[in-house]
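> Sharing a model prediction with you, sequence too.
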Amino acid sequence: MIEHLTKETFKTKVFNYEEHKEWKFEGDRPCLIDFYADWCQPCKMVAPILEELSDEYEGKLNIYKVDTEDQQELAGLFGIKSIPSLLFVPMEEQPQMAMGALPKDTFEKAIRDVLKVEKS
């Protein structure tokens, strides 16, 4: 299931940017964060793909959404200028950002290559 993050839940599940200057992932499994807005047409195209991925990688990967209209501080923190913007967050390495409505196979490649997660 995809969870919508607020500033508070982001700090406990992803990165507590108020306590740490350097990146320190707080999560228990790799995650993918979709920065989106309700009015954004490409965001609406990505949404069902993320739902499928959420089911396919259940228990191995967390998928979160951040509403850039509602959570402007988080959008600003990551310098989000265009949406959808997708942040791939591996367990140990630095997160990587991808822009635009990506096809499902591109998501799967990034999940494999960046997040080091394989499907069951």
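Ah, there it is.
> Leaving out the residues flanking it, which one is nearest to residue 116?
residue 90 (6.2 Å; C-beta to C-beta, 6 or more residues apart in numbering). Backbone N, C-alpha and C define where each C-beta goes, glycine included.
> Now do the contacts for the one you found.
By C-beta atoms under 8 Å, 6 or more residues apart in numbering, the contact set of residue 90 is 25, 30, 114, 115, 116.
> can we see that at 10 Å?
If a contact means C-beta atoms under 10 Å, 6 or more residues apart in numbering, then residue 90 has 25, 30, 31, 96, 111, 113, 114, 115, 116, 117 as its contacts.
> again with residue 104
Neighbouring residues of residue 104 by C-beta under 10 Å, 6+ apart: 46, 48, 49, 50, 52, 53, 56.
> of those, closest to residue 103?
Using C-beta to C-beta, residue 49 comes nearest to residue 103 of the contacts of residue 104, at 7.7 Å.
> Let me know whether the closest one touches residue 55 as I believe.
No - counting by C-beta atoms under 10 Å, residue 49 sits too far from residue 55 to count as a contact (11.1 Å).
> out of the two, which sits in the more crowded spot?
Neighbour comparison, residue 49 and residue 55: the larger count goes to residue 49, with 18 against 11 (by other C-beta atoms under 10 Å).
> before we move on, the earlier item: hmm, which of the contacts of residue 90 are the buried ones?
Among the contacts of residue 90, those that count as buried by neighbour count (16 or more other C-beta atoms under 10 Å) are 25, 30, 31, 111, 114, 115, 117.
> tell me which of those residues is nearest to residue 65?
Nearest to residue 65 among the buried ones among the contacts of residue 90, counting by C-beta to C-beta, is residue 31 at 11.1 Å.
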